[in-house]
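Asker: Let me see the structure of the following:
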Amino acid sequence: MRTHVISLRLLSVFLLGLVLILASCGQGNNSQTSGGSTPAAQATPTPTPALDAYGTPIAIPKTAPQRIVSLAPSISEILGALHLEKRVVGVDAFTNYPASLAGLKKVSSSSGINVEAIVALKPDLVLSSGGLSKKYDTQLSQLGLQVVDLPSPNIAQTLDQIVLIGRLTHTESVANALVAQMKQQIAQVQSQVKGTAATKTLLEVDDSTPGKPYVFGGGSFGDEMASYANATNIFHSNTTNGGYPQVTDEAIIAANPQYIILTEDPMYGGQPSVVYKRANWGGIAAVKSHHVYHINSDIMQRPGPRIVQGLRCLAQVVHPDKFSGALPSYCTASV
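Answerer: Down below sits the predicted model:
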């Protein structure tokens, strides 16, 4: 198990984005007749319930949960962004941000989830993502815990999930404000790169198997991020492995990307200096022009509040003339 949601070395991690979030948070307006009654046809519709990673409707707690356990780093980041640090009592082994949550009780390790440790914390809500805790979800539920395992999202669905977690934790107004801010930041980046020539880009996820790296493919949130940044993902048409295909060096060389973006941890291939030494890569346009970059793995591989930072970094790397100043420090940070 790895620190990043996409690079966890579990094939289940790559079965992403197949279940859409159907959360409907708004209320329809009732129209009153002259007699003061509301026609049935105009009554406020019942919101369609959101679905979990298994397609099951999610029940919203009637009271605000006070003891929350997070089983995914992206969930922990969302909880932190909603200012719920004081209500979180345990996190997964790979939560490293925000710092206020990174030091909490770890309820998992590289070998799996510690059910006993979770039960001992007496949580009233356990949150997970993408079926990563599938092996344990039923067991935890049978022990009387409310477990919500959210689908693995694209960017739009990430925004939906933030609102959904706001509903689950009774912090919906904070979640709505956060999502509005994120939408504004996304729109700003899109505006800055509008009209530029799309750049052919490789978005690498994991190169721990030499010669056969995993990449962001079609249907992944990284592919969507590239589109927002006006970069052409060279593997956009490859949707295998849930949008995270394992490709070959030969396929990359043939595609000849203008930019190579490494999103994995340096120990798993995310070092530009190593890319320049890869056999037969010397003729790739990105290598010849020294357009090989590493962007903070956490903001590129975690579908949470900081994806807007990842988008900004990617857009500035491939369209530097559209942004003033140096890359923000978070682009190259390790956390």
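Asker: Near Thr209, how many other residues are there?
Answerer: 11 (other Cβ atoms under 10 Å). To be clear about C-beta, it is placed using only N, CA and C from the backbone, and glycine gets the same treatment.
Asker: And the helices in the stretch 201-335 of the chain?
Answerer: Taking DSSP state H, counting those that start in this stretch as the criterion, the stretch 201-335 of the chain carries its helices at 221-228, 240-243, 249-255, 272-275, 285-288, 297-301, 307-318.
Asker: hey, which of these is tucked in deepest?
Answerer: Burial of the helices of the stretch 201-335 of the chain is given as mean neighbour count (mean count of other Cβ atoms under 10 Å); helix 297-301 ranks first at a mean of 27.
Asker: and Ala198, how many neighbours?
Answerer: For Ala198, the count of nearby residues is 16 (other Cβ under 10 Å).
Asker: Kindly provide the distance from the closest residue to it other than its chain neighbours to Lys200.
Answerer: Once flanking residues are discounted, Ala198 sits nearest to Thr232: 4.5 Å by Cβ to Cβ, 6 or more residues apart in numbering. Remark: distance between Thr232 and Lys200 (Cβ to Cβ, to the nearest Å) = 5 Å.
Asker: Same check on Ser74?
Answerer: 28 Å.
Asker: I'd like to know how many residues surround the residue nearest to Ala198.
Answerer: 17.
Asker: Next one, pLDDT for it please.
Answerer: Per-residue confidence (pLDDT) for Thr232: 98.
Asker: what does the one 3 residues further on give?
Answerer: If you check Phe235, the pLDDT there is 98.
Asker: Burial check on Arg67, number of neighbours?
Answerer: Residues near Arg67, counting by other Cβ under 10 Å, number 14.
Asker: oh, I was asking about Gln190
Answerer: 15.
Asker: Look up the closest residue to it, ignoring the ones flanking it.
Answerer: Tyr228 is the one closest to Gln190 (Cβ to Cβ, 6+ apart), at 5.7 Å.
Asker: just checking, Leu84 touches His170?
Answerer: No - the pair Leu84 / His170 is not scored as a contact, 9.9 Å apart, by Cβ atoms under 8 Å.
Asker: So those two - more neighbours on which side?
Answerer: Neighbour count, other Cβ under 10 Å: between Leu84 and His170, Leu84 has more, with 23 against 15.
Asker: list the contacts for the more buried one?
Answerer: Contact analysis of Leu84 by Cβ atoms under 8 Å, 6 or more residues apart in numbering lists Ile68, Thr169, Thr171.
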